[in-house]
Each structure stands twice: as structure tokens, then as C-alpha cells.
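> generate coordinates for the sequence data below:
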Amino acid sequence: MEYRVPTGIDFAAQPPQLLWRPTDGGRFAEPFFDDTLSRLRRAAAGRPPVSTTPLASWRQGSGATRPAAFILHVSRCGSTLLSRMLAALPVHLVVSEARIFDDILRAQAPLQGMAPDWRDACLASAVEAFAASQALPAQRLFIKLDCWHLFELQRLRRVFPGVPLLFVHRHPLEVLVSLMQRPSFTLVRDTVTPEEMGVSAEQRDAMPPEVHAAAILGAFFREAARQREQLVSVPYEALPDLAWSGMAGLRFSPQEVAALRLAGENDAKHPDGRFVPDAERKRAAASGAIRAACAQWAEPAYERWCSGRD
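Here you go, the predicted model:
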């Protein structure tokens, strides 16, 4: 049997094409799906690495395949640790920040021949395709999205009613220090739009880097507070214990808890290292400019989220 995964959408083609990559039917052991794709590319040696199908014909998703949960987050907050812990159980499949979901949820390109609700149908199809990519079907499927997909909660809820939406979060000062030390795609212009940030394009363009990043974090927490009833709170300081002590109705056997505990001892992005909470170190590294930006642009929204106020 041939196994494959959807890797993205070619919007430049007319009509738009869905991109696929063959797999070996095995689980995804890497921290991020891009790492899995790199492994698959290396293993492709001599075989056709990518195939395409018209996006308009991708209607295999019936909605019957439902994730155990979607994992949303604010970046640099423990979401990779959580996903790596969940992936440690052989009965789980964790898909972490796969490009196909961003292409479906956020791409703005005009699409020839596509129905108005194409995003909903393709979202269900993508989930079904990942579930079908395994030679040994997973008992639970977890989809970790990108942090800016917080603005797509209504679509997720419409397509997958009742599926838990986990929201992993951390104090914005600690996140901001990490983003300034190692910038991510989150900070690229228009990944989070001025409208989502609540500013004009001119205001956004005049922001220093730390202010821009703080305004993005503030936007995430404002949206989380606005959608509070849709989200299951997973605070950084409750990890790794929360993963096995009760989360979104998930229950684990003693043997599974032991595996989760063991995985939680390792650094999520560097599994050979040990996980060490670093909140104090992050805060100590914050410059005056970072602290001021966080206090003005991010902390009010964070406090609103934590206090339960919309």
C-alpha cells in the first residue's frame, strides 16, 4: 500500500495543485513536521519525491476523522514540549506545524474553480490524510498548529465541533525574550496583520522589533480572552505534569503516564538534553526596552486572559 502526506498547496498553478510526498507509513518522530519532510526527502533517493492533484478535487474529508485535540499556542511557551510528550506514546500521532494547515487556513491567493467553503472541506481532508498516512493507525491524532492560527478558532470549531482546543501559554515577558534572542516566522511582516494587532500598517511599520513582537503577543492573548470558552488552558508553569494529570478529558494508563513522564524530562527541541524550566533566566535577560514594550503592548492582554475578563 502507498502512504503519502499532503505538504502544501501550489497557488501559482492554475488550477491550484495539492502537493503530496510519499512516506514509509511510519510515525513522525521529529519535533516539527518540516523535520519529518527533510527526512523523507533524504530517503526518497531516486524515487519521484512529489506528486500533485488538483486542489478542487480534494474532497475526501468526510469529517469522520476527528483529532483528539488541536494544540494552539503563543510561541516559545512549552507547546513543543507538550507535543513531544504526547508523541512519545506509540498509540499517538502528532502532526506539528505542517504547512498544509497554514495554506488552508491563511492563504489569501484567489483560487480558480474553488467552492466558497473550500477551506472547511480541505481542513477535514487534511486531517483525514494524516490519519491515513500510518501503516499502524493511531488511536489518537493531535494537530499542533502555528501560533497565528489562534485567529482561526471559529473555522476549527465549525469543522470539528467538540474537539478540544488546547491553548499553551506563558508569561509574555519570557516569550518576548526568547523571540528577541531567536526570531521566528511569527515576527515576519504580515504573518500577524496590523488589523489583528489592532494598529495601522503605518504604526506597525514604525515599531522597533521588541515593540512589534510585544504587540503580536498582545494580539494573541486578546484573541484568547475573546474566545475563552473555546479554549483549554495549558500554562507553561503546569508542564510537564499537566500532560498526564488531566487535560481536555484525556486519560492515560499507568504505563502511558510513565512514558509521558520520561519524555517530559527531555528538552523538546534537543531530546538529548534535559528539560529545565527557564522562567527566571528568561526574565533576568530582559532588557529595559523589552520590559517596557511588554508592559505596554502584551501584559494588559495577558492579565485579562489570566483574570477571566474578556
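
> separation between residue 113 and residue 104?
Distance, residue 113 to residue 104, by Cβ to Cβ, to the nearest Å: 16 Å. In short, each C-beta sits where N, CA and C put it, glycine included.

> tell me which of these two has more neighbours.
residue 104 (24 against 12; other Cβ atoms under 10 Å).

> tell me which helix or strand that one sits in.
helix 99-106 (DSSP states H and E).

> how about that helix: buried residues?
Neighbour counts using 16 or more other Cβ atoms under 10 Å place 99, 100, 101, 102, 103, 104, 105 of helix 99-106 among the buried residues.

> these into CSV, with extra columns for pLDDT and distance to residue 29?
Below are those laid out as CSV (pLDDT from 0 to 100; distance: Cβ to Cβ, whole Å):
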residue, pLDDT, distance to residue 29
99, 97, 19
100, 97, 19
101, 98, 20
102, 97, 22
103, 96, 24
104, 95, 25
105, 95, 25
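
> check which element follows the helix holding residue 104 along the chain.
Following helix 99-106 in sequence, per DSSP H and E, is helix 118-131.

> ok, and what's touching that next one?
Residues from elsewhere that reach helix 118-131, judged by Cβ atoms under 8 Å, 6 or more residues apart in numbering: 4-6, 55-56, 58-67, 93, 95, 98, 100-101, 104-105, 111, 115, 137-138, 141, 143, 155-156, 158-160.

> while we're on residue 309, how confident is the model there?
On pLDDT, residue 309 comes in at 66.

> go ahead and flag the most central residue of this protein.
Centroid check for the chain by Cα atoms, centre = their mean gives residue 145 as the closest residue, at 2.1 Å.

> which strands and helices sit next to the helix or strand of the chain with the lowest mean pLDDT?
In the chain, the helix or strand scored least confidently by mean pLDDT, DSSP states H and E is helix 242-245, which has a mean of 86. Contacts defined by 3 or more Cβ pairs under 8 Å, 6 or more residues apart in numbering; DSSP states H and E place helix 242-245 against helix 79-87, helix 254-264.

> cutoff 10 Å now
Helix 242-245 is packed against helix 79-87, strand 231-235, helix 254-264, with contacts defined by 3 or more Cβ pairs under 10 Å, 6 or more residues apart in numbering; DSSP states H and E.

> can you add distance to residue 225, mean pLDDT and mean neighbour count and give these back as a markdown table?
Formatted as a markdown table, the helices and strands packed on helix 242-245 follow (distance: least, Cβ to Cβ, whole Å; pLDDT from 0 to 100; neighbours: other Cβ atoms under 10 Å):
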| stretch | distance to residue 225 | mean pLDDT | mean neighbour count |
| --- | --- | --- | --- |
| helix 79-87 | 18 | 93 | 25 |
| strand 231-235 | 9 | 94 | 18 |
| helix 254-264 | 28 | 91 | 15 |
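
> now which of the contacts of helix 118-131 would you call buried?
Those of these that meet the buried threshold are 4-6, 55-56, 58, 61, 65-67, 93, 95, 98, 100-101, 104-105, 111, 138, 141, 143, 156, 159-160, by 16+ other Cβ under 10 Å.

> return the subset of the residues you listed lying in strands.
Mapping the buried ones among the contacts of helix 118-131 onto strands (DSSP state E) picks out 4, 5, 6, 93, 95, 141, 143.

> in the lengthiest helix in the chain, what's buried?
Looking across the chain with DSSP state H, the single longest helix is helix 209-226. Of the residues in helix 209-226, those buried under the neighbour-count criterion (16+ other Cβ under 10 Å) are 210-225.

> now swap in stretch 284-297 and tell me
Neighbour-count burial for stretch 284-297, counted by 16+ other Cβ under 10 Å, picks out 286, 290, 291, 293, 294, 297.

> can I get that stretch in CSV, CA atoms only?
The C-alpha coordinates for stretch 284-297 follow below in CSV (Å, rounded to 0.1, in the frame of the first residue of the first chain):
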residue,chain,number,x,y,z
ALA,A,284,16.7,38.1,34.1
ALA,A,285,17.8,38.5,30.4
ALA,A,286,15.1,41.1,29.6
SER,A,287,16.4,44.5,28.7
GLY,A,288,14.7,47.7,29.7
ALA,A,289,13.4,48.2,26.2
ILE,A,290,11.9,44.6,26.2
ARG,A,291,10.3,45.2,29.6
ALA,A,292,8.8,48.5,28.5
ALA,A,293,7.4,47.0,25.3
CYS,A,294,5.9,44.0,27.1
ALA,A,295,4.3,46.2,29.8
GLN,A,296,2.6,48.4,27.2
TRP,A,297,1.7,46.0,24.5
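
> residues touching it, excluding its own?
Contact with stretch 284-297 is made by 171-181, 197-199, 207-219, 278, 283, 299, 302, as judged by Cβ atoms under 10 Å, 6 or more residues apart in numbering.

> just stretch 181-196 next, same as before
Contacts for stretch 181-196 (Cβ under 10 Å, 6+ apart): 74-76, 97, 102, 106, 108, 146-148, 150-151, 175, 178-180, 199-205, 209, 212-213, 215-217, 219-220, 222-223, 282, 285.
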